[in-house]
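# build me a structure from this.
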Amino acid sequence: MVHKTHTTGPGGYGQPIRFYKAVAITFLCLTLGLLAVIVFMSAKRADITIITRSDAVDVNFSVMVGAGAPDSPVKGTASSTVITLEKIFKPSGVKKVETGSATGVVTLYNTSAIAQPLVATTRLLSPNEVLYRLKKGVTVPSNGSIEAEVYPDKIDESSSITKPTTFTIPGLSSARQKEVYAKSTQSLSGTREVGIISESDIKQAREVFIEALKDKAKELAALQFPTQKSFGFIAQYTSEPDKTIGAETDSFVFTGKATVVLVAYKPEDLNQYAAQMLSQKILGNNENLQSTNGEPVVSFDSLDSVKNIATLKVSHTGTVNLDPNSRQLQKSLFFGKSEDEVRRYVMSLDHVQSVEMKFKPLWNHTVPQVADHVTVVVKQVE
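Next up is the predicted model:
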């Protein structure tokens, strides 16, 4: 009987077994490595929070209103008329002048049962020795009183009496002076104040006068167009005071006239057109118009009186912010970027105030290149 011997040398079966074993181990390592990469990639997360602020945007434009402008986006009417106005003003500066014949009024009292006649020039003496005299003779009735005109003995500043005062009558006996006396309730003075027109008085009065013209124009527009949005604008005006700088007077008068442009239009037309003009200032698709601040501000520019067309200047303000759906915030733009790179990019965008980032796990320092693992949130601050 012949026995076969198993050979492990060259040409035997040992070498293939080792080969397949190596292949299996290599495959296992690659599988584990691939699994590790998958786990590594799936564990990477990035949360990016962008804090934005609203910024003001304004627009200025002109628009024509009137029957002669049928293609205007704002429908309305325009006309003109002439108004006149007169207004009284007082000068701010004053000076004191001697009157030369100052008079005042006092009340004479008599507490006795006997009437007291007093002749013209009868002296009335104040406690501080200021002397006044009766202008005309009077009789003070018994147990009664009477008013009488008086004038200062000296016509100067020393004769001024600004507070209520009791006067004695030196020409009467001491006992009679206690029964017959005088009292003043108003100022007594040998001087009076007179206004002086200054350059600033004329300037301020002219400004007030112009505002009064504008108010009258608005009132006229409201009366002519009671059910519509209307304005009265001053196209041109003239105004002159009746006295010159330096004149002494208690008052002066400004008179003038103005050409008034009366405009009425549909406010919804202007509001819509102003919003469109604001929208045109938005940069592409990266911003959105959030709100508008009230109604547009309208002022007068010019008038074509032949065609009855008023050209108005319009200014309007709104707020814009970064659009959360902007192409500048696409997740792919952040793939592979470090925290510093993300921060520098985001802060370069308009309306961005700050940015907050969270990377997971702790050893991750870049944004993963998988969209589902990246969160981009836009928050707006007030």
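
# what about the helices in the protein?
Counting by DSSP state H, the chain has helices at residues 14-43, 174-177, 199-224, 267-279, 339-347.

# pLDDT of the fourth one, averaged?
This means helix 267-279. Across helix 267-279, the average pLDDT comes to 88.

# likewise for the second one?
Mean pLDDT, computed over helix 174-177, is 94.

# cool, stretch 134-151 as well?
pLDDT averaged over stretch 134-151 gives 93.

# what's the weakest-modelled helix or strand in this protein?
helix 14-43 (a mean of 65; mean pLDDT, DSSP states H and E).

# in contact with the closest residue to residue 297 other than its chain neighbours, which residues are there?
Distances taken as CB to CB, 6 or more residues apart in numbering place residue 315 nearest to residue 297, at 4.8 Å, with adjacent residues excluded. Every residue, glycine included, has its C-beta placed from N, CA and C. Under the criterion of CB atoms under 8 Å, 6 or more residues apart in numbering, the contact list for residue 315 reads 58-60, 296-297.

# got a quick ChimeraX command for the buried subset of those?
Buried members of those, defined by 16 or more other CB atoms under 10 Å, are picked up in ChimeraX with:
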select :59,296
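
# out of the contacts of residue 315, flag the one nearest to residue 279.
residue 59 (9.3 Å; CB to CB).

# verify the contact between that closest one and residue 276 for me.
No: assessed by CB atoms under 8 Å, residue 59 is found out of contact with residue 276, at 9.5 Å.

# quick one: residues contacting residue 348.
Counting by CB under 8 Å, 6+ apart, there are no residues that residue 348 touches.

# for it, phi and psi?
Dihedral pair for residue 348: phi -80, psi -10, per degrees, to the nearest 10.

# then residue 226?
Dihedral angles for residue 226 - degrees, to the nearest 10 - are phi -70, psi -20.

# do you know how far the residue nearest to residue 297 is from residue 122?
In this view, residue 315 and residue 122 are 74 Å apart by CB to CB, to the nearest Å.

# show me the chain divided up by domain.
Domain assignment for the chain by automatic domain parsing gives 78-91+197-265, 95-194.

# right, and those domains - which one's nearest residue 377?
domain 78-91+197-265 (42.8 Å).

# span of the closest one from start to end?
Domain 78-91+197-265 stretches 9 Å from its first residue to its last (CA to CA, to the nearest Å).

# can you list the weak-confidence ranges in the stretch 101-250 of the chain?
Applying pLDDT under 70 to the stretch 101-250 of the chain flags residues 101-103, 156-158, 189-193.

# what segments of it are strands?
104-110, 116-118, 123-125, 131-134, 138-140, 144-152, 165-167, 180-184, 191-196, 229-241 (DSSP state E, counting those that start in this stretch).

# let me have those strands in TSV, extended by mean neighbour count.
Formatted as TSV, the strands of the stretch 101-250 of the chain follow (neighbours: other CB atoms under 10 Å):
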stretch	mean neighbour count
strand 104-110	19
strand 116-118	17
strand 123-125	20
strand 131-134	20
strand 138-140	18
strand 144-152	17
strand 165-167	18
strand 180-184	20
strand 191-196	15
strand 229-241	17
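
# got a markdown table for those, with distance to residue 84 too?
Formatted as a markdown table, those follow (distance: least, CB to CB, whole Å):
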| stretch | distance to residue 84 |
| --- | --- |
| strand 104-110 | 42 |
| strand 116-118 | 55 |
| strand 123-125 | 52 |
| strand 131-134 | 49 |
| strand 138-140 | 51 |
| strand 144-152 | 43 |
| strand 165-167 | 49 |
| strand 180-184 | 46 |
| strand 191-196 | 26 |
| strand 229-241 | 10 |
